[in-house]
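Enquirer: just coords:
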């Protein structure tokens, strides 16, 4: 098989590196100005560590907000750990960068969305037998890509 350049995967890694840099700066110096983050992640990822009651409440994905109160914020090469307040209950969590689905900073209208990973490809294999209308096609979606995310769903 011919060797190719996997631009989608390279872009995905670059966007995770960008998020890692931003979070590292915030963990060291705090949030500047009006910046704050909405981070959605896959709670089924094997390296996500959250309280059992949070996993029960958010069995597939969870969105956290890093804004007014957070502590024990530590960023590594593979992810971050943070303690957030849920109804006056501080809860520590660990989120690997591989589990990220979206990262949004609404203060500057910046957002990224990460496509699903290889695990989801297995789920789609059975869909090939689904009947299609004559005029319906299923375009191939590139895997491992990051894209700019519309902020409309986060607006109040």
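Expert: Received, thanks. Everything quoted here is computed from the prediction, not taken from an experiment.
Enquirer: Packing partners of the longest helix along the chain?
Expert: Of all segments of type helix in the chain, defined using DSSP state H, the longest is helix 7-29. Other elements packing on helix 7-29 under the criterion 3 or more CB pairs under 8 Å, 6 or more residues apart in numbering; DSSP states H and E are strand 70-75, strand 100-105, strand 110-114, strand 146-148. For every residue, glycine as well, the C-beta is placed using N, CA and C.
Enquirer: mind checking which of the ones you listed is nearest residue 35?
Expert: Among the helices and strands packed on helix 7-29, the nearest to residue 35 by CB to CB is strand 100-105 (5.7 Å).
Enquirer: Need the pLDDT of the residue most central in space within the chain.
Expert: For the chain, the residue nearest the mean C-alpha position is residue 100 (2.0 Å; CA atoms, centre = their mean). For residue 100, the pLDDT comes out at 96.
Enquirer: ok, so what distance separates the residue lying closest to residue 71 once chain neighbours are set aside from residue 4?
Expert: Counting by CB to CB, 6 or more residues apart in numbering, residue 71 lies nearest to residue 83, which is 4.9 Å off, once chain neighbours are set aside. As for residue 83, its distance to residue 4 is 43 Å (criterion: CB to CB, to the nearest Å).
Enquirer: Please consider this matter closed, and thank you.
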